[in-house]
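Undergrad: how would this look folded up:
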Amino acid sequence: MLKLPTVILEHTTRTGRHYDWLLADPTNPAGPLWTARTMVSPLHWMQAKCWDLEPIQPHRRAYLDYQGPISGGRGRVIQVDRGWFISRMWTEHRMVIDLHLSQAQGEICIQRLASSAWRANLSSSESADSDYLADNVGIDFV
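TA: Model prediction:
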């Protein structure tokens with residue numbers, strides 16, 4: 001199974017703060033990153049089990065490593081978590097992934113509710129080996 005990169009960026013603007021979740025698209029692993037905005041910090045995903053997402057324009061792969069100001073006065077981003085996932089299903093209306101971040105892991109179903117409204121539902125992985133995750137979160141992705 002192909003391990004694909006994912007990163008969560010805290011995006012601070014003049015009007016507030018949100019989180020951008022970037023995932024490599026398994027249909028084009030070297031291409032732009034599927035990106036969605038959420039108000040829920042990944043620190044709380046394991047407790048929340050469910051959170052809303054708003055897909056936004058795909059981001060360049062440079063954002064897998066970038067931290068700092070965004071051009072055009074659009075704020076700044078700081079990486080708050082990174083890791084990898086394995087895609088179990090990836091369609092335009094539904095995605096199922098096995099997620100491995102330092103702060104959250106498990107199976108996540110990402111479902112489109114309306115054109116710009118999506119929801120993520122997490123089933124925590126009871127069998128996740130924390131040493132294995134810690135050793136693999138720092139994987140370098142091409």
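Undergrad: would M46 count as being in a helix?
TA: Yes: read with DSSP: H, G, I helix; E, B strand; the rest coil, M46 is one of the residues of a helix.
Undergrad: so is L43 in a helix, a strand, or just coil?
TA: L43 - assigned by three-state DSSP - is helix.
Undergrad: Identify the residue nearest it in space, chain neighbours excluded?
TA: With sequence-adjacent residues excluded and distances taken as Cβ to Cβ, 6 or more residues apart in numbering, L43 is closest to Q103, at 5.6 Å. No exception for glycine: its C-beta is placed from N, CA and C like everyone else's.
Undergrad: Equivalent analysis for R88, please.
TA: V96 (4.2 Å).
Undergrad: Give me the most central residue, the protein.
TA: Nearest to the geometric centre of the chain sits W21, at 3.4 Å (Cα atoms, centre = their mean).
Undergrad: Tell me who's in contact with it.
TA: 6-8, 35-38, 42, 53 (Cβ atoms under 8 Å, 6 or more residues apart in numbering).
Undergrad: before we move on, what about P69?
TA: Contacts of P69 by Cβ under 8 Å, 6+ apart are 75-76.
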